[in-house]
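> return atomic coordinates for the entry below.
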Amino acid sequence: MAKWKCSCGYEENEGKFCVNCGLPMPAEEVAAPAVEEVEEEAAPIAEPVAEAPAQPAEPQPQAQPQPQTQAQPVQQAAPSYQATANEQTSGGGASLAFGIMSLVFFLVQPLGLVLAIVGLITSKGKSSGKAHTGRVLSIVGLVIGIVFGLLDLLCAIIIWNM
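Predicted coordinates:
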């Protein structure tokens, strides 16, 4: 392919785009080499040759053109689970918050136990990730709250009997 000069000044371009600035080759540069190549490769025209009388040939079956079909867009399957209005509006954030607070306030009896129970109640019937995490944190907070509540009670009994 012949080299061409871009409007940016770069003269060593060989492809369809300028190596320096990325601009496409001007239209007159694109059309000109194609004409020159055709002229260089043109063969001399030969004189017509007399043909022998044509013999009747068997008709060859012609291929039927295949109708072109357009690609159909892929349809995705509808989700099999439809959330209820209650599950759509509350994603389990309240359960998560109560579960976290039950872990923070487990030493403050009975506040930690109450927060853990409320966290369990708010996570009931919900299947989101936040609700599941809140349920787990509430259970852990409830267990820790009960254990520390029993330890508090045991310490109070021991101190009372001294």
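> switch to C-alpha atoms for all contacts and neighbour counts from now on
OK.
> for the nearest residue to residue 19 once chain neighbours are set aside, phi and psi?
Spatially, and ignoring its direct neighbours in sequence, residue 19 is nearest to residue 13 (6.3 Å; Cα to Cα, 6 or more residues apart in numbering). Main-chain torsions, residue 13, degrees, to the nearest 10: phi -80, psi 140.
> residue 13 and residue 27: what is the separation?
In this view, residue 13 and residue 27 are 14 Å apart by Cα to Cα, to the nearest Å.
> who has more neighbours out of those two?
Between residue 13 and residue 27, residue 13 has the larger neighbour count (other Cα atoms under 10 Å), namely 17 against 8.
> in the protein, where is pLDDT below threshold?
1, 29-91 (pLDDT under 70).
> that one: helices as residue ranges?
Under the criterion DSSP state H, the chain contains helices at 27-41, 85-89, 93-104, 111-123, 129-160.
> now distance to residue 17 too, for those, in CSV please.
Listed next are these as CSV, based on distance: least, Cα to Cα, whole Å:
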stretch, distance to residue 17
helix 27-41, 11
helix 85-89, 53
helix 93-104, 56
helix 111-123, 62
helix 129-160, 52
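> how much space between the nearest residue to residue 109 once chain neighbours are set aside and residue 142?
In space, residue 109 comes closest to residue 149 once its chain neighbours are excluded; the distance is 6.7 Å by Cα to Cα, 6+ apart. Residue 149 is 10 Å from residue 142, where distance means Cα to Cα.
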